[in-house]
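*Asks:* Model the structure of this input:
(one chain, ligands or ions: 2)
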Amino acid sequence: MDGSPNTGHRKALRRLRQVMAGSASAQERLNEIVKIVAVEMAAEVCSIYVQRAGEILELFATQGLNRDAVHVTRLQLGEGLVGTVALTAEPLNLSDAQAHPDFSYRPETGEEVFASLLGVPIIRGGRVRGVLVIQNSDQRNYSDEEEEALQIIAVVIAEIIASGYFANADASARLGRGRSFPSSRHVGISVNWGLAEGEAVLHTPNVSIRQMFADDSAVEHERLRKAMTEMHAALDELLASSRLRGAGEHHEVLNSYRRFARDRGWLRRIREGIDSGLTADAAAQQVREDTVARMRSISDPYLRERLSDLEDVAIRLMQHLGDGVGHQDLPDDIILVARNLGPAELLDYDTSRIRALVTEEGSATSHVSIIARALGIPVVAKIDGLMKSVDPRDPIIVDGDNGQIFVRPTESVRTILTDTLKARAQRRSVYASMRGLKTVTRNAVPISLNINCGMLADMQWLSETGADSVGLFRTEIPFMVRSTFPDLAQQTRIYSEVLARAEGRPVHFRTLDIGGDKQLPYLQDGKDENPALGWRSIRVGLDRPGMLRQQLRAMLHAASGQDLYVMFPMIAEVAEFKTAVNVLHIERDRLDRRNESGIAPPSNIRVGAMLEVPGLIWQLDALLPHLDFLSIGSNDLFQFLFAIDRGNPRVAQRYDVLSPALLSALRDILQKCDEASVPVSLCGEMAGDPLEAMALLGIGMRSLSLSPSAFGAVKAMTLTVDTVELSAYMHPLLQAPDHSLRRKLRAFALDHGVVLETRRFVDAVLD
Ligand code: PEP
Ligand code: MG
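*Replies:* Numbering: from 1, shown residues only. Ligands and ions are numbered 1, 2, ... in the order given. You can find the predicted model right below:
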């Protein structure tokens with residue numbers, strides 16, 4: 001290379017600008033680019049591999065390898081060093097490439113004579129589009145500057161791939177799947193319930209770069225400054241004017257997003273890009289692609305979420321540098337399909353037209369999910385291969401209740417959907433008319449039905465369902481949307497607002513249940529090999545008593561002068577419960593002593609344990625005297641009793657909660673609680689399934705806490721079941737060696753006129 005690496009790279013960029021300005025075809029441009037890069041970076045080989053349909057990387061242009069190998073050499077994603085760069089979306093910088101375990105020899109390229117290799121991914125729109133490689137026959141150590149230079153050149157190549165001939169090749173590959181591409185069903189996780197139908201709108205951020213290289217860097221810095229100012233003003237307006245007014249967790253999400261938009265490091269990197277000769281657009285694009293690449297390699301869900309906010313901001317900035325933000329010509333019923341998207345990106349759409357959101361990544365606690373929940377939009381997340389399976393305007397049915405979607409559904413699926421929606425509308429009016437009815441079984445046994453909540457937005461369901469109380473308030477979300485612990489004032493504000501919305505009905509606050517699938521990066525290091533059994537839940541609270549004390553203090557302050565219900569999750573032994581309660585007492589005493597603070601203590605404090613760890617079943621005699629109530633977390637209890645990871649779809653369905661074993665264990669727990677006169681409730685998912693809830697009434701359960709979406713169906717079942725008949729029927733079955741009592745219980749319901757919400761949509765479609 002002539003001069004310093006930096007000079008070579010600048011010169012390469014200058015020459016690339018001429019190539020881009022010409023009228024050559026995409027192939028001719030790539031041929032030119034490999035020549036320029038080889039010369040300017042003093043490489044004996046420069047090659048471009050382009051990713052084709054079917055996860056194939058095809059050699060598209062080379063300087064230095066055998067030309068006959070062009071369009072012949074093909075690698076699978078992950079195959080060889082080039083395939084590894086594409087798979088990991090990370091550069092590979094090797095002075096002795098052949099010593100690398102992933103080296104794969106391709107005789108047609110004549111490659112074996114080259115020792116060193118520097119490969120960078122070509123990324124656009126968050127996807128790897130190819131790989132750019134340089135090679136030398138000596139064992140050369142490529143510098144960081146050279147690596148960075150190659151990455152900038154890769155941004156240029158990404159533009160060619162996306163804009164020219166290759167985009168058409170991509171399109172024809174898609175069309176090649178045939179216009180009558182078949183109907184398909186995809187399973188993800190249910191983040192927000194609801195059933196919806198509409199047309200797919202693919203959220204592929206529409207940003208184009210009209211010019212890669214700057215004529216005048218000063219002009220570009222000024223464009224960047226102006227676009228940043230405009231972006232901040234527009235963001236403030238968007239966030240203030242959205243439908244999301246009023247208190248709620250979404251405020252925290254949007255505020256943290258605003259902070260990201262002002263991130264200095266990010267801005268500095270864009271400025272550096274401009275200094276190296278790029279336009280402001282191209283520099284922002286480079287930083288964005290780099291962000292996406294980093295995101296791919298991060299497994300920590302919290303950090304991924306933050307990086308996805310940053311990507312959102314970068315796209316927004318590029319839109320302000322270009323034609324501005326806005327979505328035109330969208331259908332009335334939008335099913336928004338995205339790899340992932342930021343909270344503000346969702347708000348850019350006319351949210352009154354969004355029927356559902358489906359994402360390839362995301363999670364129940366991702367920022368966009370929290371915003372969507374606050375808006376009442378059904379969400380299914382974590383659908384593998386989603387973006388590859390959906391074309392724009394494809395009809396889609398989203399079944400948020402069961403975490404599945406139907407792309408291009410067949411006529412029969414649509415008919416079932418129409419019937420289900422009709423039946424649901426009818427049922428909704430039936431449920432509404434049941435709201436005023438006392439919840440008693442056909443044989444006049446009173447049953448307490450309660451709801452599970454996790455956000456302020458969920459509290460509306462208390463009055464809409466007519467539930468007796470919030471049987472479980474999961475307190476994790478405010479902790480997960482922040483980068484540090486919410487302080488005492490913030491927590492107190494949240495719990496006070498929850499209690500205000502409960503209008504006097506009890507709210508059973510569960511203390512922080514993090515760990516397992518809910519990691520808090522500022523507290524945990526993710527090193528638990530088996531997180532479900534690791535440092536989680538009350539174990540964290542007891543090891544970090546300051547944190548538990550602060551949460552309990554916030555609850556005590558919020559419930560000043562009212563009743564306070566607190567429950568501790570994942571209790572595994574009596575001593576743990578006693579220690580946790582002791583922390584609560586210390587805080588209550590502190591409040592008593594300091595009544596100069598003007599905060600009166602709660603009028604009543606009731607404490608409970610969650611039974612989720614099987615070992616606690618055999619300690620009930622010792623535990624129950626200490627409890628005001630017991631709440632059974634059947635999700636975790638079932639997971640531990642049957643040794644199945646509840647989040648692993650391969651095994652999650654393997655055993656049934658209606659197995660005689662689980663039901664007998666639950667019956668034994670109930671008997672113990674009855675003998676000790678301790679109120680007991682069950683708040684796992686089974687309480688929200690009408691048939692499973694019926695079985696629970698059959699073994700003697702009299703209080704359930706469930707998802708608000710299931711309330712009407714469970715109430716309808718409760719009103720129509722006779723628990724004496726049912727218990728008599730179930731009694732002998734609890735000894736049976738059956739895998740599940742599901743079929744027998746369904747037959748009982750049918751024979752005895754118990755109303756079970758007619759087949760759920762999922763059952764109907766799969767039959
Ligand atoms: C349970 O385990 O049943 C429960 C209600 O807690 P979570 O689902 O939040 O773990
Ligand atoms: Mg649990």
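
*Asks:* Residue ranges in the stretch 251-400 of the chain under the pLDDT threshold?
*Replies:* For the stretch 251-400 of the chain, the stretches with pLDDT under 70 are 295-305, 323-328, 365.

*Asks:* Where do the helices of it begin and end?
*Replies:* Applying DSSP state H, counting those that start in this stretch to the stretch 251-400 of the chain gives helices spanning 264-275, 280-297, 301-321, 343-348, 367-375, 386-389.

*Asks:* Go through these and name the closest to ligand 2.
*Replies:* Proximity to ligand 2, assessed across the helices of the stretch 251-400 of the chain by C-beta to the ion, is greatest for helix 301-321 (18.0 Å). All C-beta spots, glycine's among them, are computed from the backbone N, C-alpha and C.

*Asks:* orientation of that closest one relative to helix 367-375 in degrees?
*Replies:* 80 degrees (axes from the mean of the first three to the mean of the last three C-alpha atoms, to 10 degrees).

*Asks:* Which of the residues in helix 301-321 are classified as buried?
*Replies:* For helix 301-321, the neighbour count (16 or more other C-beta atoms under 10 Å) marks 301-302, 304-321 as buried.

*Asks:* what's the neighbour count on His100?
*Replies:* Neighbours of His100 under the rule other C-beta atoms under 10 Å: 14.

*Asks:* which residue packs closest to Arg702, ignoring adjacent ones?
*Replies:* Ile447 (5.7 Å; C-beta to C-beta, 6 or more residues apart in numbering).

*Asks:* Quick check, pLDDT for that neighbour.
*Replies:* For Ile447, the pLDDT comes out at 98.

*Asks:* again with Ser634
*Replies:* You'll see Ser634 listed with a pLDDT of 95.

*Asks:* how close does it get to ligand 1?
*Replies:* Applying C-beta to the nearest ligand atom, to the nearest Å, the value for Ser634 to ligand 1 is 5 Å.

*Asks:* Without its sequence neighbours, what residue ends up closest to Glu272?
*Replies:* Per C-beta to C-beta, 6+ apart, closest to Glu272 is Ala283, 7.6 Å.

*Asks:* Against Thr511, how distant is that neighbour?
*Replies:* In this view, Ala283 and Thr511 are 46 Å apart by C-beta to C-beta, to the nearest Å.

*Asks:* Please identify which of those two sits among more neighbours.
*Replies:* Applying other C-beta under 10 Å to Ala283 and Thr511 shows that Ala283 carries more neighbours, namely 29 against 23.

*Asks:* Any idea how far the helix or strand harbouring Ile494 is from the middle of the chain?
*Replies:* Assessed by DSSP states H and E, Ile494 sits inside helix 488-502. In terms of C-alpha atoms, centre = their mean, to the nearest Å, the centre of helix 488-502 is set 25 Å apart from its chain centre.

*Asks:* now stretch 534-550
*Replies:* 25 Å.

*Asks:* Put the alpha carbons of it into PDB.
*Replies:* The C-alpha coordinates for stretch 534-550 follow below in PDB (Å, rounded to 0.1, in the frame of the first residue of the first chain):
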ATOM      1  CA  GLY A 534     -29.700 -20.700  39.800                       C
ATOM      2  CA  TRP A 535     -29.500 -17.400  41.500                       C
ATOM      3  CA  ARG A 536     -33.000 -16.100  41.000                       C
ATOM      4  CA  SER A 537     -36.000 -14.700  42.700                       C
ATOM      5  CA  ILE A 538     -36.000 -14.700  46.500                       C
ATOM      6  CA  ARG A 539     -32.500 -16.000  46.600                       C
ATOM      7  CA  VAL A 540     -31.400 -12.700  45.000                       C
ATOM      8  CA  GLY A 541     -33.500 -10.800  47.400                       C
ATOM      9  CA  LEU A 542     -32.000 -12.500  50.400                       C
ATOM     10  CA  ASP A 543     -28.500 -12.100  49.200                       C
ATOM     11  CA  ARG A 544     -29.100  -8.500  48.400                       C
ATOM     12  CA  PRO A 545     -31.200  -7.500  51.400                       C
ATOM     13  CA  GLY A 546     -30.800  -3.700  50.600                       C
ATOM     14  CA  MET A 547     -32.600  -4.200  47.400                       C
ATOM     15  CA  LEU A 548     -35.400  -6.300  49.000                       C
ATOM     16  CA  ARG A 549     -35.700  -3.700  51.800                       C
ATOM     17  CA  GLN A 550     -36.100  -0.900  49.300                       C
END
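
*Asks:* that older thread, rebuild the helices of the stretch 251-400 of the chain as JSON lines, extending it with distance to ligand 2.
*Replies:* Shown next, in JSON lines, are the helices of the stretch 251-400 of the chain (distance: least, C-beta to the ion, whole Å):
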{"stretch": "helix 264-275", "distance to ligand 2": "37"}
{"stretch": "helix 280-297", "distance to ligand 2": "29"}
{"stretch": "helix 301-321", "distance to ligand 2": "18"}
{"stretch": "helix 343-348", "distance to ligand 2": "27"}
{"stretch": "helix 367-375", "distance to ligand 2": "19"}
{"stretch": "helix 386-389", "distance to ligand 2": "28"}
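
*Asks:* Which of those sits closest to Val440?
*Replies:* helix 367-375 (32.3 Å; C-beta to C-beta).

*Asks:* Tell me, how many residues neighbour Leu542?
*Replies:* 15.

*Asks:* isn't it right next to Ala580, touching?
*Replies:* Yes. Using C-beta atoms under 8 Å, Leu542 is in contact with Ala580, at 6.6 Å.

*Asks:* Mind listing the shared neighbours of the two?
*Replies:* Shared contacts of Leu542 and Ala580, defined by C-beta atoms under 8 Å, 6 or more residues apart in numbering, comprise Leu548.

*Asks:* before we move on, back to that, isn't the residue nearest to Arg702 right up against Ser705?
*Replies:* No. Assessed by C-beta under 8 Å, Ile447 is found out of contact with Ser705, at 11.7 Å.

*Asks:* of the two, who's got more company?
*Replies:* More crowded of Ile447 and Ser705, by other C-beta under 10 Å: Ser705, with 26 against 23.

*Asks:* How is the chain divided into domains?
*Replies:* 5-173, 182-415 (automatic domain parsing).

*Asks:* Show me the one of the ones you listed that comes nearest Met610.
*Replies:* Of the domains of the chain, the one closest to Met610 (C-beta to C-beta) turns out to be domain 182-415, at 19.1 Å.

*Asks:* Contact residues of the chain facing ligand 1?
*Replies:* Within the chain, the residues that sit near ligand 1 (C-beta under 6 Å from any ligand atom) are Leu472, Arg474, Asp513, Glu612, Gly633, Ser634, Asn635, Asp636, Cys683, Gly684.

*Asks:* could you redo the last one with a cut-off of 8 Å?
*Replies:* When proximity is defined as C-beta under 8 Å from any ligand atom, the chain approaches ligand 1 at 452, 472, 474, 476, 510, 513, 516, 569, 610, 612, 631-639, 683-685.
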